[in-house]
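Q: Here you go, sequence then predicted model.
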Amino acid sequence: MNLRSIPLSAWIGIAGITIAIFCALFAPVIAPFGEREVVGDVWLPAGGDFLLGTDNLGRDLLSRLIYGARTTIFVALAATVLSFSLGMILSFTAAVMGGFVDQFFSRFNDLMMAIPTLIFALVVLAVLPQHLWILILVMAVLDSTRVFRIGRAVALDVAVMEFVEAARLRGEGSTWIIFREILPNTLSPLLAEFGLRFAFSILFLSTLSFLGLGIQPPAADWGGMVKDNKDGIIFGISAALIPGAAIATLAICVNLVVDWLMKRTSSLKGGRGDA
Amino acid sequence: MMESGPLTGPVPTDGTADGTHPRSAALSGVPAKPNPADAKGEIDGTFWRRFVFRRPLAALILQRLGLSVGLLFAVSLMIFGGIEALPGDFATTYLGQSATPQAVENIRKDLGLDKPWSERYLSWLGGAVQGDFGTSWASKNSVGEQIGKRLGNSLFLAFFAAIVSVPLAVGLGMLAVQFRNRLPDKIINVVSLAAISLPEFFVGYLLIMFFAVKFGVATFPATVYDSMSFTERLSAIALPVATLVLVVLAHMMRMTRAAILNVMSSAYVETAELKGLGMFRIIARHAAPNAVAPVINVIALNLAYLVVGVVVVEVVFVYPGMGQYMVDAVTVRDMPVVQACGLIFAAFYIFLNMAADIIAILANPRLRHPR
């Protein structure tokens, strides 16, 4: 791959993601104040000691933003990785085995997808106790239905190719066929899908936190920070908009990279339209 | 391209009956989808077969309807049964950790939790069909009554969002195709890509900040009362509607663009171009009839998405609709309300997706005879 062939928009995306990950990794080093430390008055304006001002309890907004990057990215990434592993294993199994297994998985998947994701999450989270791992698991399972659909479609395309048949004829097992024949040949579209799901996970987690059902306070998390500071909006205090902008920026950056990856895969296929 | 949101609805296009509903079992005898494994369709399917032969379209629509009802039934089972299967005891949650066993026992009896779950499910479903969703645990009010009021409010919001966003999305999508790969298209592409990435609550608060606080031209919070006049209501929901439009517009526009582009790059349009037909004639006679189906499909899918997008927007704007009702109920674990709202949202979602499916069949004769 040629570095020069990467368009400007993708570079912007990569830069944004890098900054966010850097913040997440080195949060205690960069942040000027502690995550839960009350350092000043409530809703101080930006400037002076506090670069972005303070929040509804007098905590430094910038520090919480940096720590929030940690929570948000970690949970979203964990959920995406989990949903991808789950969705791909199930979808490839369905595509390779065919018949009853395929029917069963696909129909069950249709049933799961018949309920809107957010509504499903609300119903399930109403029952389950509030733990971080439960949140990750719920997000992963709900998201894996989308991965399953894409994965199955892609795998079915590949599963009928000659080299898969050749592997079958020389007596390879299903595991070999899935991991050594199908997976390497479907990596490119699935990588773009991974980015898309990651962006979706960030938004979804933020939405849940905003509704008060995601990450619980006092841990900093971007969606939760919007919820904490939303009452300031009426008084013209923009503290709630800053974490919101952070979520939007990260999601845009991920989408820019995904857009480039998708264009690359579609131009590899040599499609006529550019849609 | 960016089909992450709306396109991911239930698409019951491959109508293999899952047997969850008596009708779908009988439906598998449709000759369009031969299913030799299902011998049942051969035996009692004679009337159905004749019907399919004479009225293939009506049969197909009936099949989709049956499938949706079956799906809804399965969803209700999932919403109720899934909650039962999950760990956690409501009585304990309800009273707190320090409750005495006697108090827990009493509250279980009070809420009817001591009966077997199949019995409770049947009575719940029976009530739900008649619009009776039981009483709320938290407020002891009738859930059906509350929903009756709030559903209207939510639909009011979604309806106006749809009225504004649909023509705008289709227009912009056509504009993007017309100026494909030139400046307007690129601008629309970048802006819509950004708009997809914005969380609903961020858009909402941004609008509040500018239009309600800075300029003072809009009202916040967007509360509506029974005594409000129609115009007052309209001005109250201006900002929530704008938020919903912005959120759904980008998705719809991108999908419209892709759908129209797909038609415009097909061989018969190229032939028409090479024949020397004028641009207007090509669009009116060759492209439009084929583009109608995918575009309407896009719209229906996005309307389904709108129904769910209402949840967050209602919380942001403190609008008394279904979404806020559900979120409040989830926070206090008021299960009858959560179940009722979940079922209604799912029903809207399923039936809008079904409508998309049926419209696609109506508009595209090729789909009527699947191979």
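A: In hand now; what should we look at? Numbers count the residues shown, from 1 in each chain, chains lettered A, B, ... in the order given.

Q: Excluding chain neighbours, give the residue nearest to A:Ala248 in space.
A: B:Leu198 (4.8 Å; CB to CB, 6 or more residues apart in numbering or on different chains). Just so you know, the C-beta spots here come from the backbone N, C-alpha and C atoms, and that holds for glycine as well.

Q: what about the one you found, how many neighbours?
A: Applying other CB atoms under 10 Å in any protein chain shown, we find 23 residues neighbouring B:Leu198.

Q: does chain A sit close to stretch B:245-258?
A: Yes - applying CB under 8 Å from any CB of the partner chain, one finds stretch B:245-258 touching chain A at B:257-258.

Q: what about that stretch, distance to the chain center?
A: 16 Å (CA atoms, centre = their mean, to the nearest Å).

Q: in that stretch, what's buried?
A: Counting neighbours by 16 or more other CB atoms under 10 Å in any protein chain shown, one finds that the buried residues in stretch B:245-258 are B:245-258.

Q: pLDDT and distance to B:Leu60 for these - can I get that in a markdown table?
A: Shown next, in a markdown table, are these (pLDDT from 0 to 100; distance: CB to CB, whole Å):
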| residue | pLDDT | distance to B:Leu60 |
| --- | --- | --- |
| B:Val245 | 91 | 34 |
| B:Leu246 | 88 | 37 |
| B:Val247 | 85 | 33 |
| B:Val248 | 88 | 29 |
| B:Leu249 | 88 | 32 |
| B:Ala250 | 86 | 33 |
| B:His251 | 84 | 28 |
| B:Met252 | 86 | 26 |
| B:Met253 | 87 | 30 |
| B:Arg254 | 84 | 29 |
| B:Met255 | 83 | 24 |
| B:Thr256 | 85 | 26 |
| B:Arg257 | 85 | 29 |
| B:Ala258 | 84 | 26 |
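
Q: Now do the contacts for the closest residue to chain A within the stretch 51-200 of chain B.
A: Using CB to the nearest CB, B:Ser197 is the residue of the stretch 51-200 of chain B that sits closest to chain A, at 3.6 Å. B:Ser197 makes contacts with A:199, A:203, A:248, A:251-252, A:254-255, as judged by CB atoms under 8 Å, 6 or more residues apart in numbering or on different chains.

Q: Most neighbours among the residues you listed, which one?
A: Going by other CB under 10 Å, A:Val254 tops those with 27 neighbours.

Q: pLDDT weak spots in the stretch 201-350 of chain B?
A: Low-confidence segments of the stretch 201-350 of chain B (pLDDT under 70): none present.

Q: The helix or strand where A:Leu187 lies packs against which elements?
A: Taking DSSP states H and E as the definition, A:Leu187 sits inside helix A:183-210. Under the contact criterion of 3 or more CB pairs under 8 Å, 6 or more residues apart in numbering or on different chains; DSSP states H and E, helix A:183-210 touches helix A:61-97, helix A:117-127, helix A:132-159, helix A:222-229, helix A:241-269, helix B:200-207, helix B:288-317.

Q: which SS class is A:Pro45?
A: Following DSSP: H, G, I helix; E, B strand; the rest coil, we place A:Pro45 in the coil state.

Q: Contacts only, for it.
A: A:Gly53.

Q: what about residue 179, how many residues close to it?
A: All of this refers to chain A. Other residues close to A:Phe179 by other CB under 10 Å number 12.

Q: ah, I was thinking of chain B
A: Neighbours of B:Phe179 (other CB under 10 Å): 14.

Q: Out of the contacts of B:Ser197, which is nearest to B:Tyr349?
A: Nearest to B:Tyr349 among these, counting by CB to CB, is A:Leu203 at 18.7 Å.

Q: Counting neighbours, what do you get for the closest residue to the closest one other than its chain neighbours?
A: In space, and not counting its chain neighbours, A:Leu203 is closest to B:Pro199: 5.3 Å by CB to CB, 6+ apart. B:Pro199: 23 surrounding residues under other CB under 10 Å.

Q: B:Pro199 touches A:Ala248, doesn't it?
A: Yes - in this structure, B:Pro199 is within contact of A:Ala248 by CB atoms under 8 Å, at 6.6 Å.

Q: want to try TSV for the helices and strands packed on helix A:183-210, with distance to A:Ala24 as columns?
A: Shown next, in TSV, are the helices and strands packed on helix A:183-210 (distance: least, CB to CB, whole Å):
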stretch	distance to A:Ala24
helix A:61-97	4
helix A:117-127	24
helix A:132-159	16
helix A:222-229	11
helix A:241-269	10
helix B:200-207	20
helix B:288-317	25
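
Q: Would you tell me which one of these is buried the most?
A: Mean neighbour count (mean count of other CB atoms under 10 Å in any protein chain shown) peaks for helix A:222-229 among the helices and strands packed on helix A:183-210, with a mean of 27.

Q: measure B:Ile359 to B:Val308 for me?
A: Note on B:Ile359: its distance to B:Val308, by CB to CB, to the nearest Å, is 20 Å.

Q: got it, and A:Val164?
A: Distance from A:Val164 to B:Val308, by CB to CB: 38 Å.

Q: One more: A:Lys230?
A: 21 Å.

Q: Give me the neighbour count for B:Leu172.
A: Neighbour tally, B:Leu172, other CB under 10 Å: 21.

Q: Actually, B:Leu122.
A: 11.

Q: ok, B:Ala169 touching B:Met252?
A: Yes - with contact defined as CB under 8 Å, B:Ala169 reaches B:Met252; the gap is 3.7 Å.

Q: And B:Pro22, what's its pLDDT?
A: pLDDT recorded at B:Pro22 is 40.

Q: Next, the contact list for the closest residue to A:Lys227 other than its chain neighbours, please.
A: Distances taken as CB to CB, 6+ apart place A:Phe210 nearest to A:Lys227, at 5.1 Å, with adjacent residues excluded. Residues in contact with A:Phe210, defined by CB under 8 Å, 6+ apart, are A:223-224, A:226-227, B:199, B:201, B:312, B:315.

Q: With distance to B:Ile296 added, can I get these in a markdown table?
A: Formatted as a markdown table, those follow (distance: CB to CB, whole Å):
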| residue | distance to B:Ile296 |
| --- | --- |
| A:Gly223 | 34 |
| A:Gly224 | 39 |
| A:Val226 | 36 |
| A:Lys227 | 38 |
| B:Pro199 | 28 |
| B:Phe201 | 30 |
| B:Val312 | 26 |
| B:Val315 | 31 |
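
Q: Could you point out which of the residues you listed is nearest to B:Phe345?
A: B:Val312 (12.8 Å).

Q: List the contacts of the closest one.
A: A:118, A:207, A:210-211, B:199-201, B:204, B:323.

Q: Can you tell me the closest non-neighbouring residue to it?
A: That would be B:Glu200: by CB to CB, 6+ apart, it lies 4.3 Å from B:Val312.
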